[in-house]
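Trainee: Based on what follows, work out the 3D shape:
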Amino acid sequence: MGEADTTNHYEVLQVSPRADQDTISRVFRHLAKRYHPDNADSGDAARFKQLLDSFQVLSNPEHRARFDVHYAERVERTWRVFDQSSSRDDAASDRRMRSALLSLLYSARRNDPDRPGMGELELERILGCPEHHLKFHVWYLRENGLIKRTESGTLAISAGGVDAVLEAGGLTRLNLHLLEPGNEGAA
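Mentor: Below you'll find the model as predicted:
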């Protein structure tokens, strides 16, 4: 696991960062059977290798601790869309939150079209949005066909969602002002 490795091993194995070793092993065995290259129905050698690499990191206490430190630092550095003053429960804030959610999922699909999804825990952290608030926006966007759940359980933007982002002028035109370090309290 090098410094430049940006793999989110928790997302690859579809487990929470709080998952215990038994859960990690159980989920790994389940996914390994599904993606093993010998599985004629759903085998995927590249995905299997990713699973194996992530399992090796998360099943070794020393490697997992090292990964967790880098993971926490990466989460802290991850761009934040909103500050506390923008988290009011009003229509404008809801619109910004949905735009931010679409933007993140648009970027995820552009960056990795084969694995375009993001987990809800990751979205909550990036957006600084509580689970119950995010669920509302996920429901709204799903009902309108702008996002969907992938086979792996993550959320991904749909073709209609991509069209909505492009119709709004793309990522730069969605009026998302990303906070710079040191400006978190600025309005």
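
Trainee: Just the buried positions in the longest helix along the chain, please.
Mentor: In the chain, taking DSSP state H as the definition, the longest helix is helix 91-111. Across helix 91-111, burial judged by 16 or more other CB atoms under 10 Å covers 96-106, 108-109. For the C-beta atoms, the positions are set from N, CA and C on the backbone; glycine is no exception.

Trainee: Give the buried residues for the worst-scoring helix or strand of the chain on mean pLDDT.
Mentor: Using mean pLDDT, DSSP states H and E, helix 61-77 stands out as the lowest-scoring helix or strand of the chain, at a mean of 80. Neighbour-count burial for helix 61-77, counted by 16+ other CB under 10 Å, picks out 64, 67, 71.

Trainee: got the contact list for the residue nearest the centre of the chain?
Mentor: Nearest to the mean C-alpha position of the chain, by CA atoms, centre = their mean, lies residue 118 at 2.7 Å. Going by CB atoms under 8 Å, 6 or more residues apart in numbering, residue 118 touches 11, 104, 105, 108, 154, 155, 156.

Trainee: Excluding sequence neighbours, find me the nearest residue to it.
Mentor: What sits nearest to residue 118 in space, not counting adjacent residues and going by CB to CB, 6 or more residues apart in numbering, is residue 108, at 5.0 Å.

Trainee: before we move on, back to that, and the next element down the chain from the longest helix of the chain?
Mentor: Remark: after helix 91-111, the chain's next helix or strand is helix 120-127, criterion DSSP states H and E.

Trainee: and the helix or strand that that following helix is followed by, what does it pack onto?
Mentor: Once the chain leaves helix 120-127, the next helix or strand it forms, by DSSP H and E, is helix 131-143. Counting by 3 or more CB pairs under 8 Å, 6 or more residues apart in numbering; DSSP states H and E, the packing neighbours recorded for helix 131-143 are helix 91-111, helix 120-127, strand 147-149.

Trainee: Which among the ones you listed is found nearest to residue 60?
Mentor: helix 120-127 (22.2 Å; CB to CB).

Trainee: can you pull the pLDDT of residue 19?
Mentor: What the model reports for residue 19 is a pLDDT of 84.
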